[in-house]
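Peer 1: got a predicted structure here, sequence first:
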Amino acid sequence: MTTPTNGDTVTIDYVLKRGDGEPVGTTAQSGPQDVQLGAGQIFPQIEAALTDMKVGDEQSVSIPCDSAFGERQEALVVDIPRENLPPEPAPQPGMALQAQQQDGSPITLYVVEVGDTTVKADGNHPLAGEDLTFDITLRDIKQAA
């Protein structure tokens, strides 16, 4: 059996867990995912693990928060006056908002609290500050031409 190399497309199943073991994502409902190795589509630690795996192998890969989505930054939690938001759809906790940072680059903010006059939004990735573990299973290898 062969192992995948840079440029190959692999098909994987995974379960993503927080550092405390709580599952927060899986391919169980969406089905296996195709990933091209070397294309920057997944964390480098997972790519490295996959290059040592054969079809059917399973492996757990731990990624510390500073190599995943970084530490939480409280400066990215902001209060937005409701008049600065469009009236529809009404803001709800968990809703994603698109905004521009001071340098003009885009940022996604997630509504965490809705008040009468302001909306508290968080620009941190939902998994910022979390150590992550991916339980991966290699399902297929499509070798690059």
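Peer 2: Sure, I can see it. Model, not experiment: these values are computed from the prediction. Numbering: from 1, shown residues only.

Peer 1: helix or strand with the lowest mean pLDDT in this structure?
Peer 2: Least confident element among the helices and strands of the chain, by mean pLDDT, DSSP states H and E: strand 96-100 (a mean of 87).

Peer 1: got the contact list for the helix or strand just after that strand?
Peer 2: Once the chain leaves strand 96-100, the next helix or strand it forms, by DSSP states H and E, is strand 106-114. With CB atoms under 8 Å, 6 or more residues apart in numbering as the contact definition, strand 106-114 has outside contacts at 76-78, 80, 91-101, 119-123, 126. All C-beta spots, glycine's among them, are computed from the backbone N, C-alpha and C.

Peer 1: pull out the buried residues from these.
Peer 2: Restricting these to buried positions leaves 77, 80, 91, 97, 119, 120, 121, 122, 123, with burial counted as 16 or more other CB atoms under 10 Å.

Peer 1: quick check, residue 75 in a helix?
Peer 2: Yes - according to DSSP: H, G, I helix; E, B strand; the rest coil, residue 75 belongs to a helix.

Peer 1: quick check: it vs residue 9, distance?
Peer 2: Noted for residue 75: a distance of 39 Å to residue 9, by CB to CB, to the nearest Å.

Peer 1: higher neighbour count, these two?
Peer 2: residue 9 (16 against 8; other CB atoms under 10 Å).

Peer 1: list the buried ones in stretch 11-25?
Peer 2: By neighbour count with 16+ other CB under 10 Å, stretch 11-25 contains the buried residues 11, 12, 13, 14, 15, 16, 17, 18.

Peer 1: that should have said stretch 52-62, apologies.
Peer 2: 53, 61.

Peer 1: just the mean pLDDT for that stretch, thanks.
Peer 2: Mean per-residue pLDDT for stretch 52-62: 96.
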